[in-house]
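In: pasting the sequence and the predicted coordinates here, then a few questions.
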Amino acid sequence: MPGVNEPKKEPEKKRFITEKIIKQPLTKKQVARRYVMFLLGAVLFGATAGVSFAVSQPWATRHFGEESPAETMISIPKDEVTDTIAEPETESEAALTKESREESTSDHLAESQALSESESVEKMVRNAMENYQYTVDDLNALFFSLRQQVQKASKGIVVVHSVQQEVDWFDNPVERTGSYAGAVIASTAQELLVLTPEAAVEQADSIKVTFADGVVVSGRMKQQDTISGMAIVSVNVSDVDPETIKAVEPLPLGNSYLVREGDLVVALGSPAGIVRSVDYGFVSYIMKNVQMVDQVTRIIYTRISADPKKGTFLVNTSGELVGWVMEQGEGDFTMAEVMGISDYKGILENLTNGRAAPCFGIEGQEVSDIMAERGLPHGIYVQNSVTDRPAYSAGIQNGDIITHIDDREITTMKDFQNTVDNLEYGRLIHVIVQRNGRDQYAELEFQVTVGAR
């Protein structure tokens, strides 16, 4: 019998047989089957992802928007003033010295002979035209060509609807709509830009634009000019049917400095008070150096029907926009006053790019040589410092002569207008003027905060 204190032996552990399971290599048939299944799965996954994106993308765009491409900036080159000048032959003859006249005698004889031949040809043409018996067919052919140009230009005319939400006496919602003419003057990859009267946007709760083919889309006011009473409406290209985009032809901006008395012009927009009406007329007179706020301009007078409030645009026979009607005269001899486009291009470039057109706030004229001989300094003579405009608020008065703006010397109205066009709204500028004192002009300095038109 074992002792009581002897340790108890543990039972001996049994050892089991262990084996390692080795996976059998795949056969070529199995490898091919798995590869085919992988490809089918990839194709199915890709197709599912594509369908899901196509279905969800429009919804996501509507609810979350999409990143828009960089906005294209509009550049509008300015026109050089062109006036009738003396004949080249007269100028060269006046400049010739006695020696050069003798040397050019043979040249003059050749020119005289050529001129004589030219006059002979001109006389023959004139006689032929005077003796030609014009028919109704000739007149129809003439107007057919003009009508084709009008139809092409009319593709750039749209109707701008000013929508206002109001309530009647019983608090029922009422939608009031006003219709105005607009001219498409530029297009980018993102938007169409429409020039229209300011009345179309100033009190509108929403804006609708109707194109020549009847398509109606929403628009938004991009910028406005309260001085000229014009505004720019933007239409998103993505909201317009591609076929409508192709049909729209923006009106090219012409050179109103080239317009002369007697030119045939066409009124588009709403000359009859109804949008998309048309009228023809001739330029009767051009008034130059008309003083307006921060510029001098040319006013074109023409005897056409016009509705300035609804928007009436003037185009030349090449279909180029040369101005728009500002005022319509009254009486038997009704004359429309047209703002020339060339004097407005600097302002228009700011408006089309969504920038506030800068305003200094004076009506003035450049000091001529005759005025300078009387003791006036060269610069811009302030005839009217417009009330509540930046120059007036800064202390510039009628009779002051502006000589410098931000260290830039100002001697002509062109210098002044170009300088103002390049200013930025809200910027503080340094202005030097000459003010007439008891005995002489004294130099004064002002800090002017640029305003908006």
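Out: Nice, thanks for sending it over. All of these numbers come straight from a predicted model, not from anything done at the bench.

In: quick check: next helix or strand after the helix or strand hosting Ile347?
Out: Ile347 is located in helix 345-352, with elements delineated by DSSP states H and E. Scanning forward in sequence from helix 345-352 by DSSP H and E, the next helix or strand is strand 358-359.

In: output the below-cut-off pLDDT ranges for this protein.
Out: For the chain, the stretches with pLDDT under 70 are 1-71, 83-118, 125, 128-129, 330-333.

In: skip the chain neighbours and tell me the closest residue to the most centrally placed residue in it.
Out: With distances taken as Cα atoms, centre = their mean, Thr352 lies nearest the centre of the chain, 4.3 Å away. In this structure, Thr352 finds its nearest non-sequential neighbour in Ile74, 4.3 Å apart by Cβ to Cβ, 6 or more residues apart in numbering. Using the backbone N, CA and C atoms, a C-beta is placed for each residue, glycine as well.

In: could you check how many residues crowd around the one you found?
Out: Neighbour count for Ile74, taken as other Cβ atoms under 10 Å: 19.

In: can you tell me the helix or strand for it?
Out: Using DSSP H and E, Ile74 is not contained in any helix or strand.

In: going forward, begin numbering at 32 instead of 1
Out: Yes, from this point I'll number from 32; that puts the last item at Ile105.

In: need phi/psi at it.
Out: phi -90, psi 130 (degrees, to the nearest 10).

In: hmm, Leu382 and it touching each other?
Out: No. Ile105 is beyond contact range of Leu382, at 9.2 Å (criterion: Cβ atoms under 8 Å).

In: what's the helix holding Ile378 packed up against?
Out: Under the contact definition 3 or more Cβ pairs under 8 Å, 6 or more residues apart in numbering; DSSP states H and E, helix 376-383 sits against strand 204-218, strand 247-256, strand 261-267, helix 444-452.

In: chain neighbours aside, what residue packs nearest to Leu224?
Out: Ala217 is the one closest to Leu224 (Cβ to Cβ, 6+ apart), at 4.4 Å.

In: what about Gly371, distance to Gln414?
Out: 21 Å (Cβ to Cβ, to the nearest Å).

In: more neighbours: which of the two?
Out: Between Gly371 and Gln414, counting by other Cβ under 10 Å, Gly371 is the more crowded of the two (24 against 12).

In: in the sheet, who's paired with that one?
Out: Here Gly371 sits in beta bridges with Gly354, as judged by DSSP bridges.

In: show me what contacts it?
Out: Listed by Cβ atoms under 8 Å, 6 or more residues apart in numbering, the contact partners of Gly371 are Ser287, Tyr288, Val290, Thr328, Arg329, Ile330, Ile331, Val353, Gly354.

In: count the neighbours of the first one for me.
Out: Going back to what we said before, that points to Ser287. Count around Ser287 with other Cβ under 10 Å applied: 25.

In: got a list of contacts for stretch 172-188?
Out: 212-216, 243, 278-282, 295, 297, 299-300, 306-307, 309, 311, 344, 346, 348-350.

In: please flag which of these sit within strands.
Out: If you go by DSSP state E, these have 212-216, 295, 297, 299-300, 309, 311, 344, 346 in strands.

In: from Gly260, how far out is Glu292?
Out: 26 Å.

In: neighbour count winner among those two?
Out: The residue with more neighbours, out of Glu292 and Gly260, is Gly260; 16 against 12, by other Cβ under 10 Å.

In: quick one, phi/psi of that one?
Out: Dihedral angles for Gly260 - degrees, to the nearest 10 - are phi 80, psi 30.

In: ok, Ser249 touching Val240?
Out: Yes. Ser249 is in contact with Val240 according to Cβ under 8 Å; the separation is 7.5 Å.

In: list the residues that contact both of those two?
Out: Residues touching both Ser249 and Val240 (Cβ under 8 Å, 6+ apart) are Val266.

In: neighbour count: the two, which is higher?
Out: More crowded of Ser249 and Val240, by other Cβ under 10 Å: Val240, with 25 against 13.

In: measure that one to Val451 for me?
Out: Using Cβ to Cβ, Val240 is found at 31 Å from Val451.

In: try Val112
Out: Using Cβ to Cβ, Val112 is found at 17 Å from Val451.

In: what's the answer for Val194, then?
Out: Going from Val194 to Val451 by Cβ to Cβ gives 35 Å.

In: and what of Ile460?
Out: For Ile460 relative to Val451 (Cβ to Cβ), the value is 10 Å.

In: with Asn158 instead?
Out: 54 Å.

In: so those two - more neighbours on which side?
Out: Neighbour tally, Asn158 and Val451, criterion other Cβ under 10 Å: the higher count belongs to Val451, 24 against 10.

In: so that one touches Phe391, yeah?
Out: Yes. Using Cβ under 8 Å, Val451 is in contact with Phe391, at 5.1 Å.

In: what touches both of those two?
Out: With Cβ under 8 Å, 6+ apart as the test, Val451 and Phe391 both reach Asp325.

In: can you tell me how far His192 is from Asp169?
Out: Using Cβ to Cβ, His192 is found at 42 Å from Asp169.

In: and Val321, by the same measure?
Out: With Cβ to Cβ as the criterion, Val321 and Asp169 are 39 Å apart.

In: neighbour count for these two, which is higher?
Out: Comparing Val321 with Asp169 by other Cβ under 10 Å, the one with more neighbours is Val321, at 15 against 11.

In: did I read that right, that one in a strand?
Out: Yes. Assigned with DSSP: H, G, I helix; E, B strand; the rest coil, Val321 falls within a strand.

In: so it sits against Ile330, correct?
Out: Yes. The pair Val321 and Ile330 qualifies as a contact (Cβ under 8 Å) at a distance of 5.0 Å.

In: how long is stretch 437-450 from one end to the other?
Out: Its first and final residues considered, stretch 437-450 spans 9 Å by Cα to Cα, to the nearest Å.

In: count the residues that sit near the residue lying closest to Gly285 once chain neighbours are set aside.
Out: Leaving aside its sequence neighbours, Gly285 sits nearest to Glu351 (Cβ to Cβ, 6+ apart; 3.0 Å). When neighbours are defined as other Cβ under 10 Å, Glu351 has 17 of them.

In: so Met366 is in contact with Gly360, correct?
Out: Yes. Using Cβ under 8 Å, Met366 is in contact with Gly360, at 4.5 Å.

In: between these two, who's got more neighbours?
Out: Neighbour totals were compared for Met366 and Gly360, and Met366 leads with 19 against 12 (other Cβ under 10 Å).

In: can you map out the helices along the stretch 132-281 of the chain?
Out: Along the stretch 132-281 of the chain, counting by DSSP state H, counting those that start in this stretch, helices occupy 136-162, 167-185, 273-278.

In: buried residues, the second one. List them.
Out: Yep, that's helix 167-185 we're talking about. Val181, Ala184, Ser185 (16 or more other Cβ atoms under 10 Å).
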